[in-house]
Every structure is written in structure tokens, then in C-alpha cells.
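1. generate coordinates for the sequence data below:
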Amino acid sequence: MRPEGRSPFVPVAGGQPADRGGQPDPSGRVHASGPGTPTPEWLNPPEAPKSPEQRDGAGTSGTARSSHPPRPGFGIAFKAGGLAFVAGVMIIAAILGMIIPYQQGVLRRGMESQADKLASSVAEVAASALAAQDYAALVDHCTGVLQRQSGLEYIVVTRMDGSSLAFRRGGWGFQAAPQASAGVAAKTEPSSGFRLGLPPGLDVPDAPGTAKSPASPNPADAVSPGTFPGAFTGGAADGPEVYHHVLPVERGGISICTVSVGLALDGYRAEQRAAWWHIGALTAMAVLVALATALLLSRTVTRTVLRLSGWVRSIGPGNMGQRIRIDTGDELEGLANAFNGMLDLLEASQRELNEAHRELERRVRDRTAQLCDANAKLHLMGEVFTHAVEGIFITDSAGTVVAVNPAFERITGVDAQSMVGRLSPALGMVPVNGTRSVWDEMLEHGSWIGETRGPHRDGWQIPQWLSLVSIRDETGVILNCVGVFSDITDIKQKEAQITHQANHDDLTGLPNRKHIFELLHDAIARASVRGQKLAVVFIDMDGFKFINDSYDHATGDQLLCDVARRLRAALRPGDMLGRLGGDEFVAAVGGISDKGHLDGIMRRLFETFAEPFEYGGMGFSVTASFGVSVYPDDGDSANALLSRADIAMYRAKDMGKNAIAVFCEEQCLEFTRRYRMDQEIKAAIAGREFRLVYQPIADARTLRVRKVEALLRWERDGAVVAPPSVFIPVAESSNAIREITRLVVEMACVQHAAWRLEGLTLPVAVNISSRCLNSDETISHIAACLNAYDVPPDALEVEITETSLMQNYERGNAMLCTLRDLGVRVSLDDFGTGYSSLQYLARMPIHALKIDRTFVQELLEEGGSLEIVETILGLARSLRLATVAEGVETAAQLSALRGMGVDYLQGYCLGRPLPADDILTLCRRGMRLVPRDVER
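-> Down below sits the predicted model:
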């Protein structure tokens, strides 16, 4: 151990080591190598022995052979084998020329990389230790590296002043570096008695602080700064062969020291020798492969000759169609082509001979075929007779059976042998819906075909399709009769099934619309003959569409089946029940004696809907509306009775549904009036007789017009055709309301666009019918109108009544969400008259509640609706919804509503509905409205 704090470095005489001529790379390091290991000299592989060329002669037949003298010079096999061998040797030489330098370079680069990594590791510690003069850390690190790294012979750290510190396995030491001299000296031993194991030529002083001259040139010179970083020294005489590597150490651009490491080359040489052994082995294998390839090629040529010889020997009479194909491009191919040409000539002659032979055989076959044809036809007829699916019987002119086939026995059950000699069953058969026997028809017309019924052995009649024909001679005398029949029982059953399906509903099994009219016609005929009355009941379920839309069609189908079953159970066995379609049923009850009898029947039908229908743990309370017409009082035809029962059913719907209505003449007149109005409404839509008027909606605080509501009017030639309270319910009962809604939306958008051109941007509110909530076309039409007339979505407001929305909440709420996504505002009209829950109300995408006019009109009356209005206003505030009071007719109502905090006011007190031009004039004069009491 050295004394703490003393530097182990001793100045080296002579200053910096001499430069050995290495050139630095861009990083400041010097890379060069010492004398490399000479590349071993490889011997050229010996040439592969050449196999003798095989020659073989071939004859032209299996018995005669001819030999040909070999051509002078080298044969094809020898030339091909030699060429393959030479090419293989050249390829091997080229591969070795690339592999050997590459292998040596890989090993050398690996040695350089390992030495550079070790030197860099020591350089980092040396730079820090020299800067802090912490030599103990440097010593510990270097000795640790020597212990861990196998193959590392020494480490030398040389400062810029020439002092150096050397490490080797077993110890470390320092000494002054002597003058550089050529060669590498033997190792020296320190005087203290232990072996340091330093690099060759480096001695260690006897005691710290003293120097001992080396006995031979110092390896520090050989690896001093400025020399090449990689050099090889040593040998068998002076120790292991060592690779020297020098790494200059700089910090901040200033050279601090150099680090030299020496790696033993034993492992490198061992890997190099192993690689040479592998290369030698691969070379030997490659030579063997080349020899094998040459031999294989030679044998291939020989095989071709043998193949040609064998083919020639195989040719003989009857075996001249063979040809051989040899694509060698040499004399063997020419020889094969000559043989093929000779065989072509021989084969042509053989074909001419064979053709003459075949012509003779063909003529013999034609004669034989003509003789066999008659026998074949007879045999075929016998097979058809025996194996036919249809029953066949043959009789003489008198009708006595002379032959029957097996199918006759299978169909009728009668033994075939017992039928021979008996009269044909056709003698007594009568066509279906006929009176004359089929035998007589056949005798008269020569044949007969049609449906009949024949006897079975067990006594029943079999539906048959029979074809009966007579065979006559030249004079027209009957010789025989042939009957062919088939059992059509399955066909008749399928016909019955098809007839049933055509006349009955697939879901409930009840008679369908077509069959209902047929059954009604028969029932009317029976009632007429018996002098009895007949009741026709038209049944329409209430709210069935809501169940179908709210759940699924499977639930709706099951409900229809259960309703049909209950109705069938409530009727007598002789009564008729059918399904017209959808949720409509028709019943026909005969034998009606008086009104009490009819009331009892209708009570039983009505009570079938009293109990709920259960599906999947859920109960459905379903009602129905009943309409009744009576024969002969209300009509004498199926159409008349069914039409009047339908009118009575609509009367029951108008009574609030879940009711029974009996047809009367006044109902017929009302129905006729509604029908005519419905037709006029459709004509008015086509003729553009509808127009819009607009009622102002004012801000409750300022009484200024903020928006208008579009109201529909029906006028023709300047006169009112019907008020909305009359034609709207009629349109609601048909699809006309959909067309009216589309028309209102389009006219409102057109008017808003016209106002906007005049500088007026009032939002317009339109009413949407409940029948439009289930239609996606309504949303599409609104979006199309907004886009077509360039109307901002927030300029259009849709009003939907609370009652219509709650009739189908899920569907209606989905429509409101779509409108909200479009940017259209939604108001809940007539609020307070429906039955919406707070839960539903909170989920609705609406922005305003319109208080129904009945609450506004009763606002100031004793016991009126003041508390209801206050509740609605409080609810709207909690839900952050605007409120509109409609139907305001007095200044007192207006004042009270303003005091209660209503947001908007609408009614005759502020302004009646006005044409579009008057609205424009009103807004130009000033949008503030003056309240006026309405004169009653």
C-alpha cells in the first residue's frame, strides 16, 4: 500500500513519448494496428476424378439391334461433368475470398471494441481521480477491472508529465519511464520481493518515491500517447501475445493523461483457428458436392441414352403410338427425332388399315341394332307397365280386365291376379260433379280424362285422376281399352289446406276479409229463409297501436290471438267470427229474437276485455269499441251491414272508446258528412285553399311582440268554409292531417323568409298533430323546409299538446330530441290538461309550457284555477322553462298573470290573429301591444 495522499506517479525522463505515426480520428482517438497475423495459405482442391463415358446402342425392334461406333473425342457426360466441377471450384474460391477477410475483420473489430470499452471505463475514473488527486480510487478501480476482466494483461495510466502507474494481475507499481527503444524487453521484478506482473520492460521502484531503471525498453514507450492505439507484441519466447490499446483522456479540451490496456490474444487466436478449421471443413464439403454434381450430371446423360435405347426396344406391332421426347440439344435429341419420324410413317399406314376395319364393324353394328331395337321397345313397355307409379289396367272390348300392373294392387288393395277376368271398375265410375259413367264417355268420345272416385278393397272411395282411352282397328272397332289412374289423396288434402289458408287469417286462424264476406252472404241467406234477424258486430281494439309500438310485434300478435280466443269463447258454435285485418274483428250472430237477446250477446263480447291480458309477467288492460248493425233493419247485403256496423263503431270511438253503439240513421248522416268533408279537405289541400293567420305573443313585462303563432284557416273565394274546430277533428281521423301539417310548416317557413327580407325576424310557432309524432317524415320535412327557405332553426317553434305526447311518450320524446338536435324549439301546449308525470316532464327536451286557456279564463273566479296556475309557474321555474299564458281576454287577467310572473302572454286581449301583412304593419308601427277587454 502506498502512503495516503502521496502521488504514485514519478516523472519520466525525456518528456512525452515519441510519436509512432498514428493518425487521430475525428473524436481525437488514434486507431492503427500493429503487424497482423498472416493469412494462411490454402491449397487448391484436387480435381474430381472423371467417370468414363457410357455408350449404348439401340435397336429398332424387340428382336434386332444395331450398334454405332462412338464419336471421337470427349463424350457428353465427360464434358458436362468437367464443366460442373470447374464451376463449383470457382464458386468456392470466390466465397473463400470473401469469407476469410471478413472473418478476420470481425474478430479484430471485436478485440478493438473490447479494448476501447475497457480503456474508456478506466479513463472516466482516471480523469476524476487525477482532478481530485484521489489515487486510491484509481488504484481500486484498476485492480478491480483486472480481477473481473479475463484476458486483460495490464493497465497503464500515464500523465502528461510522463509519470505512470501500471497495473497487472497480482499487484501494481509505478516507476519513471525510460527512453524509448526498439523491441520489448523481458519483465523485471521489484526489489521488495513480490511479483507485480507489469507489462514487459516495466520495473517498479524498491520503495515508494524512488525509481528503478528498467532492464529493457519500457512498454510504456510502446503504448505511450501518440502511438497507434492497437499493437501486437509478445510471442512464445517472452510471454503471451498481447494487443495494446492507447486512449488519450481530455477534459475541457486539455489532455490529462493516456490510458493503455493490453489484452491477451490467446482467445482471439483460438477463435481464428477454429474459424479456419470450419472454413477448411466447408471447403472440403464444397469440393465433394462439386464432384457429386459432376457425377450426377454424367449419370443424367447416361440415363438419357439408356432411356432412348429402352424406348426403341419397346416398339412393336400394336404399340407404335409412343413417342419419346429428349430435349438435350445434342446428337441424342437428333437421334430421337429420327426415330419419331419413322414411327409417324408406320402409324399412318396402321391408321388406314384400322379405319377400314372399323367401317366394317360399324355396318355390322347397325344391322344388329335394328334387330335389337324392337326387342328393347317391347322390354321397355313391359318395364313401364311393371314399375309405373300410376295404376294401369287393360281390358277387352267388353270391359273385362286382361292385365293390371303392380301399382293397381298398391293403390286399390285388390290382388292383381284376382282382377284378371273381372269387369273393370271403370264401368261404374262417375266423374266428380257428373252423372254419366266414365266408360260411356270413353265409348262416345274415344277417351276420357278427369277426376273420379274409385273403390278400395276396404270399402272407402279413393280420389283418383283417371285417363281412359280405347284402342281401335282400322275399321273403328274397339279392340282394347287402357286405363291409367293415380291416387290424388295428398293433392286433395293440400288443396284443402291451400283453400283454408286462402280463406283464413294466418295469425289467429279466423276467417279473413274475403271469407268473411262469403260467410256473411251465407248467413244472410239462411236468416232470410228462416225469417230471423242477424246481428253484425264490428269490433275495433282501442290503443292496440300503442302496445305494438311500445313493446314489440310479437307481443301484439300474441294479444290478437288471445283476443280472438276470448271472442270465440263468448259466441255460440254456429256464430261467425273473423278478422278483417290489424286489430279489427267481425262477428255475425244469427237467430236474434229481440233487443234483450242482442244485449245479452253484446254484454258477453264486451266482458271479454274486462280481465287484463298477461304476457311475461306484465298485465295489459285492453278495451274495444263495438259497432252493431242488424239484418234486415240496417241492410240486406254483406257490404251494407258491415259498412253500417263500421259507422256505429266510429260512433263508439267518439263516445270515448270502450263502448257499444248500435247503428242508427243519424249516425249514417254524420258519417256521410264527415266523409264528404274529408274529401273536401283533400281537395282543399290540392287547391291551396288553406292559409295562415298569425296571433302575436307578447313579453309579459314590456307587452312587446316577441313571436307569433301560426293558425290555420280554410277559406274559399274569400269565405270561410269551416272553422278549425270542425275540420281539424275530421282531418285527425284520416291521414289528411299529415298533409295539412306539412303544408303549415312549409307556409310558415315561406312567410318567415319573406318577413326577414323586410327586416322582421319574429319566430313562428306551429302546431304538430299527435298523428305526426310517429312519422319520421315529419322531422325530415321540417329539416328540408328550414334548409330550402334558409330559415334559422331557432326561428321555428313547434307546439305539441301534452295529451298527444303522453299517448306515445317514448316515440314522441324521441321526435322532440331530434327537433332539439336540429335547433328547433319545442313548447308543450295545453299544459295542465294531460297526465304527464314530473319524471317525464324533466326528461322532455322542451323550452316552454303553455298554460291552457281554461285555467286562464277561470283564474279570477271564486274557487277557480289560481292555485293551479301558480303551481304550473313554480314547476316551470324549477325546471327552468319559460311560460306562456294563452287565452288572455281581459285586462284583469293580464294584470294578474303579469303579477304572478308569467313570461309571455297570448290572447284576444292583446291581439287577434292577423294576416301576415298586418303583422308586418303592426311591427313597423311599434311592437308594443295595448290591452283591450274582449267584448262578449
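2. count of residues packed around residue 467?
-> Each residue near residue 467 was counted by other C-beta atoms under 10 Å, and the total is 17. (C-beta placed from N, C-alpha, C; glycine too.)
3. which of the three states applies to it?
-> strand (DSSP: H, G, I helix; E, B strand; the rest coil).
4. what's opposite it in the beta bridge?
-> Here residue 467 sits in beta bridges with residue 449, residue 484, going by DSSP bridges.
5. so what's it up against?
-> 447-449, 483-485 (C-beta atoms under 8 Å, 6 or more residues apart in numbering).
6. roughly how far apart are it and residue 451?
-> Look at residue 467 and residue 451: by C-beta to C-beta, to the nearest Å, they are 11 Å apart.
7. over to residue 508?
-> Separation of residue 508 from residue 451 (C-beta to C-beta) stands at 33 Å.
8. which one of these two is surrounded by more residues?
-> Legend: neighbour count by other C-beta under 10 Å for residue 508 and residue 451, higher for residue 508 (21 against 15).
9. list the contacts of residue 561.
-> Shown in contact with residue 561 (C-beta under 8 Å, 6+ apart): 507-508.
10. one more time with 6 Å, if that's ok
-> residue 508 (C-beta atoms under 6 Å, 6 or more residues apart in numbering).
11. shouldn't it be within a strand?
-> No. Looking at residue 561 with three-state DSSP, it is helix, so not inside a strand.
12. pLDDT wise, what is the one residue sitting closest to the centre of the chain at?
-> Centroid check for the chain by C-alpha atoms, centre = their mean gives residue 552 as the closest residue, at 25.8 Å. The model reports residue 552 with a pLDDT of 76.
13. same check, this time on residue 113
-> 86.
14. ditto for residue 157
-> Residue 157 carries a pLDDT value of 88.
15. then the one 5 residues further on?
-> Predicted confidence (pLDDT) at residue 162: the value is 81.
16. quick one, domains of the protein?
-> 1-18+76-311, 388-493, 516-663, 678-925 (automatic domain parsing).
17. in CSV: those domains, plus distance to residue 372.
-> Shown next, in CSV, are those (distance: least, C-beta to C-beta, whole Å):
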stretch, distance to residue 372
domain 1-18+76-311, 44
domain 388-493, 23
domain 516-663, 62
domain 678-925, 76
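18. lowest-confidence stretch among the ones you listed?
-> domain 1-18+76-311 (a mean of 66).
19. from residue 615, how far off is the residue nearest to the centre of the chain?
-> Taken as C-beta to C-beta, the span from residue 552 to residue 615 is 10 Å.
20. the closest residue to residue 562 other than its chain neighbours - how many residues pack around it?
-> Excluding the flanking residues, the one nearest residue 562 by C-beta to C-beta, 6 or more residues apart in numbering is residue 613, at 5.4 Å. Residue 613 is flanked by 17 other residues according to other C-beta under 10 Å.
21. bridging residues for residue 613?
-> Beta-bridge partners of residue 613, as defined by DSSP bridges: residue 620.
22. ok, now how distant is it from residue 808?
-> Taken as C-beta to C-beta, the span from residue 613 to residue 808 is 19 Å.
23. swap in residue 476?
-> 81 Å.
24. so these two - more neighbours on which side?
-> Between residue 476 and residue 808, counted using other C-beta under 10 Å, the more crowded position is residue 808 (19 against 8).
25. wait, what's in contact with the more buried one?
-> residue 546.
26. how about residues contacting stretch 676-684?
-> Outside of stretch 676-684, the residues within contact range by C-beta under 6 Å, 6+ apart are 727, 730-731, 734, 736.
27. just read off the phi/psi values of the residue nearest to the centre of the chain.
-> phi -150, psi 170 (degrees, to the nearest 10).
28. element containing residue 402, please.
-> Using DSSP states H and E, the element containing residue 402 is strand 401-404.
29. before we move on, what's the pLDDT of residue 671?
-> With respect to pLDDT, residue 671 scores 74.
30. now for the residue nearest to it when sequence neighbours are not counted, how many residues are close by?
-> Once flanking residues are discounted, residue 671 sits nearest to residue 647: 4.4 Å by C-beta to C-beta, 6+ apart. Residues near residue 647, counting by other C-beta under 10 Å, number 23.
31. in this structure residue 647 contacts residue 669, no?
-> No. Applying C-beta atoms under 6 Å, one finds residue 647 not in contact with residue 669, separated by 9.9 Å.
32. find the residues that touch each one of those two.
-> Shared contacts of residue 647 and residue 669 (C-beta under 6 Å, 6+ apart): none.
33. report the secondary structure state of residue 490.
-> Residue 490 - assigned by three-state DSSP - is helix.
34. please enumerate the helices of the stretch 401-550 of the chain.
-> Using DSSP state H, counting those that start in this stretch, the helices of the stretch 401-550 of the chain run over residues 406-412, 416-419, 438-445, 489-503, 513-530, 544-550.
35. tell me what whatever helix or strand the residue nearest to residue 671 lives in is packed against?
-> Residue 647 belongs to helix 638-654 when assigned by DSSP H and E. In terms of contacts (3 or more C-beta pairs under 6 Å, 6 or more residues apart in numbering; DSSP states H and E), helix 638-654 is packed against helix 513-530, strand 533-542, strand 623-631, strand 660-662, helix 665-686.
36. what residues does it touch?
-> Counting by C-beta under 6 Å, 6+ apart, 517, 520-521, 536, 538, 540, 625-629, 631, 634-635, 659, 661, 663, 667-668, 671 sit against helix 638-654.
37. okay, now the residue nearest to residue 336 when sequence neighbours are not counted: neighbour count?
-> In space, residue 336 comes closest to residue 326 once its chain neighbours are excluded; the distance is 4.3 Å by C-beta to C-beta, 6+ apart. Neighbour count for residue 326, taken as other C-beta under 10 Å: 19.
38. in this structure the residue nearest to residue 562 contacts residue 564, no?
-> No. At 11.9 Å, residue 613 and residue 564 do not qualify as touching, with contact defined as C-beta under 6 Å.
39. among the domains of the chain, which is nearest residue 339?
-> For residue 339, the closest of these is domain 1-18+76-311, at 7.8 Å, according to C-beta to C-beta.
40. ok, residue 540 touching residue 625?
-> Yes. With contact defined as C-beta under 6 Å, residue 540 counts as touching residue 625 (5.2 Å).
41. and those two? which has more neighbours close in?
-> Between residue 540 and residue 625, residue 625 has the larger neighbour count (other C-beta under 10 Å), namely 23 against 20.
42. which residues does that one contact?
-> For residue 625, the contact set (C-beta under 6 Å, 6+ apart) comprises 540, 649, 652-653, 657, 659.
43. the closest residue to it other than its chain neighbours and residue 602: what is the separation?
-> Of all residues not flanking residue 625 in the chain, residue 652 sits nearest, at 3.9 Å (C-beta to C-beta, 6+ apart). According to C-beta to C-beta, residue 652 and residue 602 sit 11 Å apart.
44. between these two, who's got more neighbours?
-> A direct count of neighbours by other C-beta under 10 Å for residue 652 and residue 602 places residue 652 higher, at 23 against 19.
45. any idea how far the more buried one lies from residue 512?
-> From residue 652 to residue 512 the distance is 24 Å (C-beta to C-beta).
46. same question for residue 277.
-> The value you get for residue 277 to residue 512, if C-beta to C-beta is used, is 99 Å.
47. neighbour count for these two, which is higher?
-> Using other C-beta under 10 Å as the criterion, residue 277 and residue 512 rank with residue 512 on top: 18 against 10.
48. for that one, give its distance to residue 505.
-> Going from residue 512 to residue 505 by C-beta to C-beta gives 5 Å.
49. could you find the closest non-adjacent residue to residue 722?
-> Among residues not flanking residue 722 along the chain, residue 714 sits closest, at 5.6 Å (C-beta to C-beta, 6+ apart).
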